[in-house]
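Chemist: need coordinates for the below:
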Amino acid sequence: MLKSLASVVLAFTVSAAGSAFAADTPLKALLITGGCCHDYKAQKDILKSGLEARLNIVVEQIHTDDKSTKPPFPHHGNPEYAKGFDLVIHNECAADIKDPAVIDAVLKPHMVDGLPAINLHCAMHSYRFGDIGKPVTASADNAKWFLFLGLQSTGHGPQEPIEIVFTDAEHPITKGIASWITIKEELYNNIAVHGGHVLAKGKQKVGDKVVENIVAWTNEVGPKKAKVFSTSLGHNNDTVADARYLDMIARAVLWSTGKLNADGTAAKGYGKK
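Modeler: The predicted model follows:
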């Protein structure tokens, strides 16, 4: 459970007009949702409302109801799709989009322009091709997405509760957060870590075995050192809607955009009073 987040979570100033937010210009996030295997129609609204309730942020969306592994996103092939945004939240499931030119265009805002990113759940299993069952090498054509994430994953076991243990308790994203146990969820495997800094691990009992894998981490990518946060948690709507999950994502948004203080509180004007 989250340990008294009230003392460490996000601070706002109420304006004289009674606004819940300070006069600071809100962050502008692009949320991308759609593709295989998940209820993205619901999750897009859960994430938008959850973040906008916690932060001084405006969340705009690119969404497709297509449930294939090759969802036809309108921004694919356009490397300038994120112009004007402060960060991109990738919550798509696009395992069979393998065109290197499309992948390069998706990555360009982050790897070249330095735009922060948040990656949720099936984003870890998107834009992949080749022999992904073995650790990729940095120079390989199929390494780009994994190097961006900071971790390589290829699959998961059955849905069972996951005990989340925060292994870096001093990081601003996790400071003051206590471990909790999810509902039945998917624990993604870890083929290799590619520069990611581990924040949390998940333990899941499957039969007589206890499986432990990384479930939350950060990365810095490209010449501009864009900040990237990823979590493999978030298959089910109830997990995404869990206040503890949304609090963690909200902090990650602030961290990635330079609006999170070292003690886990929001920079002035970007949290909730």
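Chemist: gap between the two ends of stretch 222-240?
Modeler: 29 Å (C-alpha to C-alpha, to the nearest Å).
Chemist: let me know the pLDDT of the residue nearest the centre of the chain.
Modeler: In the chain, the centroid-proximal residue (C-alpha atoms, centre = their mean) is residue 119; its distance is 3.0 Å. In this model, residue 119 is scored at 99, pLDDT.
Chemist: three-state assignment of it?
Modeler: strand (DSSP: H, G, I helix; E, B strand; the rest coil).
Chemist: next up, the contacts around the closest residue to it other than its chain neighbours.
Modeler: Spatial nearest neighbour of residue 119, chain neighbours left out: residue 230 (4.0 Å); criterion: C-beta to C-beta, 6 or more residues apart in numbering. C-beta here means a position set from N, CA and C on the backbone, and glycine is covered the same way. Counting by C-beta atoms under 8 Å, 6 or more residues apart in numbering, residue 230 touches 118-120, 123-124, 149-151, 196, 216-219.
Chemist: now, those that are in strands?
Modeler: Residues of the contacts of residue 230 located in strands (DSSP state E): 118-120, 151, 216-219.
Chemist: pretty sure residue 130 sits in a strand.
Modeler: No. In this structure, residue 130 is coil, not part of a strand, as judged by three-state DSSP.
Chemist: could you check how far it is from residue 58?
Modeler: Distance, residue 130 to residue 58, by C-beta to C-beta, to the nearest Å: 38 Å.
Chemist: who's more crowded, those two?
Modeler: Ranked by neighbour count (other C-beta atoms under 10 Å), residue 130 and residue 58 place residue 58 first, with 15 against 12.
Chemist: all strands for the stretch 51-200 of the chain, in order.
Modeler: If DSSP state E, counting those that start in this stretch is used as the criterion, the strands of the stretch 51-200 of the chain fall at 57-63, 87-93, 117-120, 151-152, 160-166, 180-185, 192-193, 197-206.
Chemist: nearest to residue 235, of the ones you listed?
Modeler: strand 180-185 (5.7 Å; C-beta to C-beta).
Chemist: give me the mean pLDDT for that closest one.
Modeler: 97.
Chemist: and it, how far from the chain's centre?
Modeler: Centroid separation between strand 180-185 and its chain, computed with C-alpha atoms, centre = their mean, to the nearest Å, is 17 Å.
Chemist: so which elements touch it?
Modeler: With contacts defined as 3 or more C-beta pairs under 8 Å, 6 or more residues apart in numbering; DSSP states H and E, the packing partners of strand 180-185 are strand 160-166, helix 237-241.
Chemist: would TSV of those with mean neighbour count be doable?
Modeler: Listed next are these as TSV, based on neighbours: other C-beta atoms under 10 Å:
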stretch	mean neighbour count
strand 160-166	19
helix 237-241	18
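Chemist: of those, which is nearest residue 65?
Modeler: Here helix 237-241 is closest among the helices and strands packed on strand 180-185 (C-beta to C-beta), at 15.6 Å.
Chemist: what sits up against that closest one?
Modeler: Residues from elsewhere that reach helix 237-241 (C-beta under 8 Å, 6+ apart): 39, 42-43, 46-47, 50, 120, 182-183, 185, 233-234, 245-246.
Chemist: ok, now with 6 Å
Modeler: Contact partners of helix 237-241, identified using C-beta atoms under 6 Å, 6 or more residues apart in numbering, comprise 39, 42-43, 46, 182-183, 185, 234, 245.
Chemist: any chance of the strands of the stretch 51-200 of the chain in CSV, plus distance to residue 139?
Modeler: Shown next, in CSV, are the strands of the stretch 51-200 of the chain (distance: least, C-beta to C-beta, whole Å):
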stretch, distance to residue 139
strand 57-63, 31
strand 87-93, 24
strand 117-120, 22
strand 151-152, 15
strand 160-166, 34
strand 180-185, 34
strand 192-193, 15
strand 197-206, 22
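Chemist: and residue 223, which of these is closest to it?
Modeler: Nearest to residue 223, of all the strands of the stretch 51-200 of the chain, is strand 117-120, at 15.5 Å by C-beta to C-beta.
Chemist: so what secondary structure elements neighbour the closest one?
Modeler: Counting contacts by 3 or more C-beta pairs under 6 Å, 6 or more residues apart in numbering; DSSP states H and E, strand 117-120 is packed against strand 87-93, strand 226-231.
Chemist: coming back round to it: identify the farthest-apart pair in the contacts of helix 237-241.
Modeler: Top of the distance list for the contacts of helix 237-241 (C-beta to C-beta): 42 and 182, 17.4 Å.
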